[in-house]
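# starting from these lines, generate the structure:
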Amino acid sequence: MKIGMTYDLRQDYLDLGFGEEETAEFDSDITIESIEQTLQALGHTTDRIGNIWKLTQRLVRGDRWDLVFNIAEGLYGVGREAQVPALLDAYQIPYTFSDPLVLSLTLHKGMTKRILRDLGIPTPDFVEIHSLQDVDKVTLPFPLFAKPIAEGTGKGISTTSKIANADELKARCAHLLTAYQQSVLVEAYLPGREFTVGIVGEGEQARSVGIIEVVFLNGSDKNAYGYSNKKDWVDNIQYRRVEDQTAALAVEYSLAAWRGVGCRDGGRIDVRTDVHGIPNIMEINPLAGLRPDYSDLPLLCNFWGIRYIELIDMIIKSAQARIPAPPVMHYVPQQQGI
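Next up is the predicted model:
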């Protein structure tokens, strides 16, 4: 199978003058090389396409693929992760991972939580802050937690994200509104254990590939699994394979969220327990990082005995199930003249 690869290479954007945090979600050469080599080891032919600008040029030129392995994060707007899939949909080219609707929805944390709440899946109570005037309307009890409403990779999350009083809330929201030029999600702080659940597949075929607990080491920011902790995870974080009752419930809720929202092929869900020890869904990540030695999903799989090549193969096979079968050509004999 001929597989194109769409992605945002971090170095490309650094060369254009973008900053370290601005490009935190983009991929390294190591990630692209790992995926490409794995796809080739699985017997596929690969074609590096690159970002949406390069994809557009290739499509206009007439290039096509049997499947596109898409990990492009996009650069602008709350629909940035949906841009490449939407373009591929327009050209009827199959691709891996979720569709434009799901990718737009899950990037917006407030909208995602509304869906989870409607599905009856535990998620922290929340409000959205669109301007500083909204801060005075917050009635949730402290402590609270504030973060940008549409960012990933822990961007905008730090030790100051946990908020103890109204003054801290106003100061933190003022900073986030200015720094990220988007609304702020303020939610009830979850004081308990933190987990990451890995999932592959789609619909009723979706299944967990494992769960790990995120343990914060001395010297790390223990309030949140934020950008600094993720960037320097070797010094700040310890991952543990867990199989207790709470972990099993976290997997159950994560699968319900994955299916309810309509995610596909592979990704992970972040979970934390509340004051009663009940797992709450914090975020759904349907476009998870895939760097073998760094990203949560492949690291999680290692704990559960799943090799990187097996993970990529499961993702491909899930996506392949959506490729329409070629039309059946029936032979119709010509009538002979009398």
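# next one: Ile40 from Met5, what distance?
No, residue 40 isn't Ile; it's Gln. According to C-beta to C-beta, to the nearest Å, Gln40 and Met5 sit 11 Å apart. C-beta: built from backbone N, CA, C; applies to glycine.
# one more: Ile316?
From Ile316 across to Met5, the span is 12 Å (C-beta to C-beta).
# where does Ser34 fall, secondary structure wise?
helix 29-41 (DSSP states H and E).
# next SSE after that helix?
Next along from helix 29-41, by DSSP H and E: strand 45-50.
# tell me how far that next one lies from the chain's centre.
The chain centroid and the centroid of strand 45-50 are separated by 22 Å, computed with C-alpha atoms, centre = their mean, to the nearest Å.
# would you mind finding the longest helix in this structure?
helix 245-261 (DSSP state H).
# let's see the following helix or strand past that one as CSV, backbone CA atoms only.
Remark: after helix 245-261, the chain's next helix or strand is strand 266-273, criterion DSSP H and E. Extracted in CSV, the C-alpha atoms of strand 266-273 (Å, rounded to 0.1, in the frame of the first residue of the first chain):
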residue,chain,number,x,y,z
GLY,A,266,-5.4,5.5,18.2
GLY,A,267,-4.8,8.0,20.9
ARG,A,268,-4.9,8.5,24.6
ILE,A,269,-7.1,10.0,27.3
ASP,A,270,-5.9,11.8,30.4
VAL,A,271,-7.7,11.0,33.7
ARG,A,272,-7.4,12.2,37.3
THR,A,273,-9.4,11.2,40.4
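# and strand 266-273, what other elements does it pack with?
Packing partners of strand 266-273 (3 or more C-beta pairs under 8 Å, 6 or more residues apart in numbering; DSSP states H and E): strand 194-200, helix 245-261, strand 279-285, helix 296-303, helix 308-320.
# switch the cut-off to 7 Å
strand 194-200, helix 245-261, strand 279-285, helix 296-303 (3 or more C-beta pairs under 7 Å, 6 or more residues apart in numbering; DSSP states H and E).
# please spell out which residues along the longest one are buried.
When neighbours are counted by 16 or more other C-beta atoms under 10 Å, the buried residues of helix 245-261 are found to be 246-247, 249-251, 253-259, 261.
# quick one: contacts of it?
102, 105-106, 115-116, 119, 121-122, 193, 195, 197, 199, 203, 206, 208, 211, 269, 271, 273, 277, 279, 281, 284 (C-beta atoms under 7 Å, 6 or more residues apart in numbering).
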